[in-house]
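Participant: Below are the sequence and a predicted model; questions follow.
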Amino acid sequence: MNYKYVIIGADAAGNSAAGQIRRNDKEGSLAILEKGDIVSYGACGLPYTLSGEIPETEKLIHFTAESFGKKVHADVLTRHEVVSVDFTTQTLSVKTPNGNRDIGYEKLLVATGASPIRLPFIDYSNERVFELKTVPDANRLLSFIETHQPRNAAILGAGYIGLEVAENLRMRGIEVTIFEAMERPMPRLSAEFGEEISRQLAAHGVTLHTNTPIESVRFENNSVQITAKGQAYGFDFLVSAPGVRPATSFLNPDSIAMQRGAIFVNAYGETSVPNVYAAGDCATVPHHLTKEPVWIPLGHTANKTGRIAGMNMSGSRVSFPGVLGTQLFKLFDKMIASTGLTAEEAEKAGFEIMKTNLVRPSKAGYYPSSGKVYLSMVASTRSREILGVAMHGPLDSYGLIDAAAALISQKATVDEVGWLDMAYAPPFAPVWNALVSAAAKFSGGD
């Protein structure tokens, strides 16, 4: 069967594209192929189901295949896994519950997302080994916890998923140990941020081993036996979260341009192959500052790039301005956030930089619930434009990172931001907030 539009992947990028295609083209035939059973779910909420903060995984599902198909007037085909693509004949080879079939397209969007990295020495079929990428993953882990009432858990990896899982397992009363192969958690951020994350974990009873790659995993006596740096540990279960990679293994890398497994796209979502687009965690995206293609797998980026691809597949010509990699996560009672370039990234990109950091109250210092905001800023010595900001502080101070992202996008200089008229009221902010204060430091202010 042939369709005018085919989308591979029925989540953030794919579904955003489908909505735009249908707005631009009311009649063109559209198929969305999904290898799983569930479409349109909030994967970023999965860790919070483990503690009960989100009471059930069904809350994360936005549409069923049937309801989304009706919404966008499309054939939403679940349990349809694309195993190969012939770009010459514009044909997909698809594995379905009823055998293999070929599906043709006029315009194709690859929106397959990212897949968890799996380590060769771990048996992922064991009942005590878990990942957390899909709703079934969360249901399986929740069922294990409810059935076995485990006392302790090991987590492999101190990235976003590992840290969020650690928090939510602790909230459930489970003892948690994290093994991280790198020298600090969230290694892209500076050492100061790694130290703050480590303090937060220790304060809430989480054991963190950095520079400690796991060497082996065995299963005996209803336990997971882990060896790391020659030392043996025993746990009731293991959550593997060492990272993700673009889910593009079904594509021939000689037939489409890729960058470390991510499909290379331009600002219009177009790939190197005519009539083929890509979006979301399987594709690169232009960086707003460097203009270079980067791979930054984030949910909000997937939604935006899917939207761009869908618009351009169906007749529009809209350019995506790029991303700053703005990201934010919660770790117990703290938020940790960043946007733009780190000092190391800015120097690697050819910028001559200046940098500063400071601590400021999150509200008026005398206000009872005021906390401390730590903020670091990187700027260009030549243009004096802000290049990057990172911060940690109380949960309600997160708005500063969005302000920083907006200012960086508009090429604001430290001199402009140092005098920026931002809101002040004791219950919400100090007179000189951390963002304004950091910019002012470059001009000799405080």
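Facilitator: Received, thanks.

Participant: can you map out the helices along this protein?
Facilitator: Ranges of helices in the chain, per DSSP state H, are 12-24, 47-51, 65-72, 135-148, 160-171, 191-203, 299-313, 343-348, 399-409, 414-417, 434-441.

Participant: Find out how far the fifth one is from the centre of the chain, if you would.
Facilitator: Spelled out, it's helix 160-171. Chain-centre distance of helix 160-171: 15 Å, with C-alpha atoms, centre = their mean, to the nearest Å.

Participant: What of stretch 41-60?
Facilitator: Relative to its parent chain, stretch 41-60 has a centroid offset of 16 Å by C-alpha atoms, centre = their mean.

Participant: show me where pLDDT drops low in the chain?
Facilitator: Filtered on pLDDT under 70, the chain yields the residue ranges 445-446.

Participant: next one: phi and psi at the residue nearest in space to the middle of it?
Facilitator: Geometric centre of the chain, nearest residue: Leu298, 3.1 Å, by C-alpha atoms, centre = their mean. Per-residue torsions, Leu298: phi -130, psi 150 (degrees, to the nearest 10).

Participant: State the distance from it to Thr284.
Facilitator: According to C-beta to C-beta, to the nearest Å, Leu298 stands 13 Å off from Thr284. Using the backbone N, CA and C atoms, a C-beta is placed for each residue, glycine as well.

Participant: Same question for Met182.
Facilitator: From Met182 across to Thr284, the span is 23 Å (C-beta to C-beta).

Participant: okay, these two: which has more neighbours?
Facilitator: Neighbours per residue, other C-beta atoms under 10 Å: of Met182 and Thr284, the larger number sits with Thr284, 23 against 16.

Participant: count of neighbours near Asn98?
Facilitator: Look at Asn98: counted by other C-beta under 10 Å, it has 7 neighbours.

Participant: Equivalent analysis for Phe428, please.
Facilitator: 15.

Participant: got a list of what the closest residue to it other than its chain neighbours touches?
Facilitator: Nearest residue to Phe428, sequence neighbours excluded (C-beta to C-beta, 6 or more residues apart in numbering): Lys363, at 6.2 Å. By C-beta atoms under 8 Å, 6 or more residues apart in numbering, the contact set of Lys363 is Ser369, Ser370, Gly371, Pro426, Pro427, Phe428, Ala429, Pro430.

Participant: how near is the residue nearest to the third one when sequence neighbours are not counted to Ala302?
Facilitator: Same thing as Gly371. Residue nearest to Gly371 in three dimensions, not counting chain neighbours: Pro394, with 3.7 Å by C-beta to C-beta, 6+ apart. Taking C-beta to C-beta as the measure, Pro394 falls 28 Å from Ala302.

Participant: these two touch, right, Gly365 and Ala429?
Facilitator: No. At 11.3 Å, Gly365 does not count as touching Ala429 under the criterion of C-beta atoms under 8 Å.

Participant: Between those two, which is the more surrounded one?
Facilitator: More crowded of Gly365 and Ala429, by other C-beta under 10 Å: Ala429, with 25 against 12.

Participant: Give the bridge partners for the more buried one, please.
Facilitator: Beta bridges link Ala429 to Ala425, judged by DSSP bridges.

Participant: Contacts only, for it.
Facilitator: Ser362, Lys363, Ala364, Met422, Ala423.
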